[in-house]
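[1] Need a 3D model of the following:
(one chain, ligands or ions: 1)
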Amino acid sequence: MRSLAKKYGPLFHLKLGEVDLMVITSPQLAAESMKTHDVNFAARPQFLSRKIILYNSDLVFASYGKHWSQLRKICTVELFSNKRVKFLKSIMQEEGHNLVEKIRLADGSPVNVTEMLFAVANTTITRAAFGKEFAHQERFLSTIKETFKYLSGFNLADLFPSLNFLGDISGLKSKLDRVHRVLDVILNEIFQEHERKNANEDGATKEEDIVDILLRLHKAGDNDVPITMDSVKGVILDLFLGGTETTAATMDWAMAELIRHPEVMRKAQLEVRRAMNGRAKIEEDDINNLPYLNMVIKETLRLRTPAPFLVPRHSTETVELGGYTIPAGSRMVINVWAIMREQNGWDDAERFLPERFENNQFEFMGTNYQYIPFGGGRRVCPGINYAMSSMQNVLANLLYHFDWKLPGGQNPKELEMKEVSGLSLTRKSDLFLIATPHN
Ligand code: HEM
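    Numbers count the residues shown, from 1 in each chain. This next block holds a predicted model:
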């Protein structure tokens, strides 16, 4: 896509089946589409996978309108509000601590860092959403993982949306139906268990998990748009789909870049070890006091962004963009992977250099369109604070408690860094490292 942009310019049109895909590859056009024409491009294209797996009722792929705005409000006001952040951070801290204990058990043999980071991202969201581990957790998480590959929108049925039968003959529909049935049964069991528990705990004051909150809103029925059980299920699945692979992949890339850049690793370790001053457990205040680690994460999100095309948008009306007419109904993606590596915009763009964020002129809220790993405009990622806190917490623990090296005396400069694109951009091969306890 970057090569095509070099040849055809920062806005080009691909005809993929019946779909008109507009690809944007410049900060100026990203700003035009997400600021000047934000409302027009605030819709999402509709995929078969969303209709089946996400109950046609989730937030990430919701059409722009009242239903979206209601779910979005719930997400920011109820699920990730400042009040809730304290509770979520306590879960993150416990899970960070559990991860350290698990790595200690490896006792010097190589650990699969990729797998562990995916596990910690999953367990943290699971606890935030469901309160604790539950029966069939493994089946649920592996089915969620399977759904990642169906949601990219690049399968035949989504490229020829008018040909309904393609979903059937390509076998996609039956796969989606199977995945949907598994997830639905497990979600229903989780809800029943919550209902039972809440009835028994009559009046007791306990911290609500995400299921409790959504069920309460569903029952209250006093929202502008009713929160149906399908929306409750859709939003829960969104949190897993939007919040696990993205954070896990970013942390995985960060560890790989730190191994390849020992001077950056040393600097980040020194920062957290100085801040901790020998204390055993990393607390919330320690995390807020690690500006260099923050720069490492920002640089990872620039160079190894997990959402290279953001999430696709859909043009509601015909508009002018960059001197071209974009017809209503076009699909639009922004190649942020390329924008965040543009030689014109970034010094030494291909180099991993956290210091470039020292002056802090790049924030995440999508106001500087040269740096938009979380998207921008009204559909900007609502999970930024959750994502940053959980990544800071896990990475601080890894850097504080262990020194890291590649197994078998491998040269860090030769570490394979191939990317593979699914729902998120992940490492092609798992990262194996040896951890030596620091204290
Ligand atoms: C490194 C971590 C993450 C990255 C890079 C990321 C990136 C993104 C991007 C690019 C979008 C689309 C924005 C747009 O269309 O302009 C998005 C949307 C979204 N993200 Fe994230 N995300 C991350 C973590 C999370 C987490 C932890 C959650 C929740 C637990 C989350 C929940 C969502 C939701 C619900 C949306 C849909 C918002 C809407 O359509 O209104 N994300 N994210």
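
[2] Check which residues of stretch 317-332 are buried.
    Within stretch 317-332, the residues that qualify as buried are 319, 321, 326, 330-332, counting by 16 or more other Cβ atoms under 10 Å. For glycine as for every other residue, the C-beta is placed from the backbone atoms N, C-alpha and C.

[3] Quick one: name the residues of the stretch 251-400 of the chain near the ligand.
    Proximity of the stretch 251-400 of the chain to the ligand, by Cβ under 6 Å from any ligand atom, involves residues 306-307, 310-311, 373-376, 379-383, 386-387.

[4] Repeat that for the stretch 1-150 of the chain.
    59-60, 72, 75.

[5] Let's see that with 8 Å instead.
    34, 44, 59-62, 68, 71-72, 75, 79-80, 125, 128 (Cβ under 8 Å from any ligand atom).

[6] Now intersect those with the helices, please.
    68, 71-72, 125, 128 (DSSP state H).

[7] Pick the one among those residues closest to the ligand.
    Nearest to the ligand out of those is residue 72 (Cβ to the nearest ligand atom; 5.2 Å).

[8] Enumerate every residue touching that closest one.
    59, 382 (Cβ atoms under 8 Å, 6 or more residues apart in numbering).

[9] Residue 424 versus that one, what's the distance?
    21 Å (Cβ to Cβ, to the nearest Å).

[10] What segments of the stretch 101-250 of the chain are helices?
    Along the stretch 101-250 of the chain, the stretches classed as helices by DSSP state H, counting those that start in this stretch are 113-130, 137-148, 156-159, 165-169, 172-200, 210-220, 229-243, 245-260.

[11] can you pull the alpha-carbon coordinates of the fourth one into CSV?
    Output in CSV follows, covering the C-alpha atoms of helix 165-169 (Å, rounded to 0.1, in the frame of the first residue of the first chain):
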residue,chain,number,x,y,z
PHE,A,165,-24.8,-16.6,-1.6
LEU,A,166,-21.0,-16.1,-1.5
GLY,A,167,-21.0,-16.3,2.3
ASP,A,168,-22.6,-19.7,2.0
ILE,A,169,-20.6,-21.2,-0.9
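
[12] Check which helices and strands that helix is in contact with.
    helix 156-159, helix 172-200 (3 or more Cβ pairs under 8 Å, 6 or more residues apart in numbering; DSSP states H and E).

[13] picking that back up, please identify which of the ones in helices among the residues of the stretch 1-150 of the chain next to the ligand is nearest to residue 97.
    Among those, residue 128 lies closest to residue 97 (Cβ to Cβ), at 16.2 Å.

[14] closest point of the stretch 101-250 of the chain to the ligand, which residue?
    residue 243 (2.9 Å).

[15] How about the residue nearest the centre of the chain, nearest residue that isn't a chain neighbour?
    The centroid of the chain falls nearest to residue 246 when counting by Cα atoms, centre = their mean (3.2 Å). Nearest residue to residue 246, sequence neighbours excluded (Cβ to Cβ, 6 or more residues apart in numbering): residue 306, at 4.4 Å.

[16] now do residue 265
    Take residue 265 and drop its neighbours on the chain: the residue closest to it by Cβ to Cβ, 6+ apart is residue 258, 4.2 Å away.

[17] next one: residue 131
    Nearest to residue 131 is residue 209, by Cβ to Cβ, 6+ apart, at 3.9 Å.

[18] any idea how far residue 127 is from that neighbour?
    8 Å.

[19] repeat for residue 237
    According to Cβ to Cβ, residue 237 stands 16 Å off from residue 127.

[20] same check, this time on residue 284
    17 Å.

[21] Looking at those two, which is more packed in?
    residue 127 (19 against 16; other Cβ atoms under 10 Å).

[22] Could you export stretch 211-223 as CSV, CA atoms only?
    Taking C-alpha atoms only, stretch 211-223 is exported to CSV below (Å, rounded to 0.1, in the frame of the first residue of the first chain):
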residue,chain,number,x,y,z
VAL,A,211,-21.0,-7.6,32.9
ASP,A,212,-22.7,-6.2,36.0
ILE,A,213,-22.7,-2.7,34.6
LEU,A,214,-24.1,-3.7,31.3
LEU,A,215,-26.8,-5.9,32.8
ARG,A,216,-27.8,-3.1,35.1
LEU,A,217,-28.1,-0.7,32.2
HIS,A,218,-30.0,-3.3,30.2
LYS,A,219,-32.5,-3.8,33.0
ALA,A,220,-32.9,-0.1,33.8
GLY,A,221,-34.3,0.4,30.4
ASP,A,222,-34.1,4.2,30.8
ASN,A,223,-31.6,4.9,28.0
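
[23] Please state the offset of that stretch from the chain centre?
    25 Å (Cα atoms, centre = their mean, to the nearest Å).

[24] contact partners of that stretch?
    Counting by Cβ under 8 Å, 6+ apart, 70, 74, 78-79, 129-131, 190-191, 194-195, 198, 208, 227-229, 231-232, 235-236 sit against stretch 211-223.
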